[in-house]
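Chemist: build me a model from this:
(one chain, ligands or ions: 2)
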Amino acid sequence: MSKVIDKFSLEGKVALITGASYGIGFAIAAAYAEAGATICFNDINQELVDKGLEAYKELGIKACGYVCDVTHEAEVNELVSKIEREVGVIDILVNNAGIIKRIPMHEMSADDFRKVIDVDLNAPFIVAKAVIPSMIKKGHGKIINICSMMSELGRETVSAYAAAKGGLKMLTKNIASEYGEYNIQCNGIGPGYIETPQTAPLRVPGNPFNEFIISKTPAARWGTTDDLIGPSIFLASDASDFVNGHILYVDGGILAYIGKQPNQIKQVN
Ligand code: NAP
Ligand code: GCO
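Modeler: Ligands and ions are numbered 1, 2, ... in the order given. Okay, here's the model as predicted:
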């Protein structure tokens, strides 16, 4: 009889994690390799891919790295065919590549807005579309979209990012609805505030945003890429075969919390 833990194994699977030279994508890919998967990743230029390959090698992981801009449909189609030829059919796709532009909405150019939507929403559509036909033929597939707190909440300066990540949540539910009958599960992970280069400007000492996030998080700390590993393995593995169209928020409790009350408020019994 197989052990319960075997349900979480990724042995024999091929995974593509987009934009995974460093940050959240790198941590997820490294964890998938440890769980038995063959790792493929792309990034936007050769320098980043080389940096990623070196970092995987340091962990003893043999990853396959490719240069590909996920917003270019022809490049993505070529990437997916190449992986199918060189490595095998993609069993697990993680749409991780993403950008943010923090600009007040009334000062943001339509071009900047479009760029964010292009990487954070259009690209997951393009990459998912490219992998789905072979997943259907193979009889299974897992698609994991990296969503955000901004899939649910707004805040000053991130209008394009929130619009994209809110859209990505709904794209996730639609892929689940449309392809569930082919044994394809599409779920999202909604990380809270995680220590990566993307959030580095928010964490510089003296930036009140740092304390603000800690006070908004019941866990009272920023998240780390390690915090995302368990949920990512779960959603990529057979353990989640009846979980579809779900967004798993990994946020230390932010979405459950009204925020820290000011000290001067007295409890009334
Ligand atoms: P990151 O440190 O900025 O890494 C994102 C990666 O995507 C980078 O390697 C980036 O390359 C790559 N990328 C950007 N545009 C691309 C394109 N067109 N084609 C291919 N690759 C591209 O971000 P992160 O913090 O690890 O975030 C990863 C994902 O999680 C993103 O979708 C982000 O929105 C989401 N997220 C992050 C947090 C957080 O707190 N950090 C929370 C919730 C969700 P470059 O270096 O060239 O930009
Ligand atoms: C911001 C942050 C966030 C996080 C993350 C939250 O400026 O508010 O960058 O958007 O990166 O997506 O889940």
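
Chemist: so I189 sits in a helix?
Modeler: No: counting by DSSP: H, G, I helix; E, B strand; the rest coil, I189 is not found in a helix; it is strand.

Chemist: thought it was touching M149?
Modeler: No: with contacts counted by CB atoms under 8 Å, I189 stays clear of M149, the gap being 11.6 Å. C-beta coordinates here come from the backbone N, C-alpha and C atoms, glycine included.

Chemist: shared neighbours of the two, which are they?
Modeler: Y249 (CB atoms under 8 Å, 6 or more residues apart in numbering).

Chemist: give me the more crowded residue out of the two.
Modeler: Comparing I189 with M149 by neighbour count (other CB atoms under 10 Å), the higher total belongs to I189, at 24 against 21.

Chemist: buried sites along stretch 112-126?
Modeler: F113, V116, I117, D118, V119, D120, L121, N122, A123, P124, F125, I126 (16 or more other CB atoms under 10 Å).

Chemist: can you list these in a markdown table and add pLDDT?
Modeler: Output for those, formatted as a markdown table (pLDDT from 0 to 100):
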| residue | pLDDT |
| --- | --- |
| F113 | 99 |
| V116 | 99 |
| I117 | 99 |
| D118 | 98 |
| V119 | 98 |
| D120 | 99 |
| L121 | 99 |
| N122 | 99 |
| A123 | 99 |
| P124 | 99 |
| F125 | 99 |
| I126 | 99 |
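
Chemist: near ligand 1, list only the ones from those.
Modeler: Intersecting those with the contacts of ligand 1 gives V119 (criterion: CB under 6 Å from any ligand atom).

Chemist: of the buried residues of stretch 112-126, which is the nearest to ligand 2?
Modeler: Using CB to the nearest ligand atom, the shortest approach to ligand 2 within those belongs to D120, at 9.6 Å.

Chemist: tell me if I'm right that that closest one and N96 touch.
Modeler: No: the pair D120 / N96 is not scored as a contact, 10.6 Å apart, by CB under 8 Å.

Chemist: need the residues of the stretch 101-250 of the chain near ligand 1, please.
Modeler: Going by CB under 6 Å from any ligand atom, the residues of the stretch 101-250 of the chain near ligand 1 are V119, I146, S148, P191, Y193, I194, T196, P197, Q198, T199.

Chemist: can you do 8 Å?
Modeler: 118-120, 123, 146-150, 161, 165, 190-199, 222-223, 225 (CB under 8 Å from any ligand atom).

Chemist: of those residues, select the buried ones using a ChimeraX command.
Modeler: Selection of buried members from these for ChimeraX, criterion 16+ other CB under 10 Å:
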select :118,119,120,123,146,147,148,149,150,161,165,190,191,192,193,194,195,196,199,222,223,225
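
Chemist: looking at the residues of the stretch 101-250 of the chain next to ligand 1, which are in strands?
Modeler: Under the assignment DSSP state E, those contribute I146, G190, P191 to strands.

Chemist: any idea how far the first one is from I194?
Modeler: I146 sits 10 Å away from I194, taking CB to CB, to the nearest Å as the criterion.

Chemist: okay if I get the ones in strands among the residues of the stretch 101-250 of the chain next to ligand 1 as JSON lines plus pLDDT?
Modeler: Output for those, formatted as JSON lines (pLDDT from 0 to 100):
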{"residue": "I146", "pLDDT": "99"}
{"residue": "G190", "pLDDT": "99"}
{"residue": "P191", "pLDDT": "98"}
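
Chemist: that'll do, ta.
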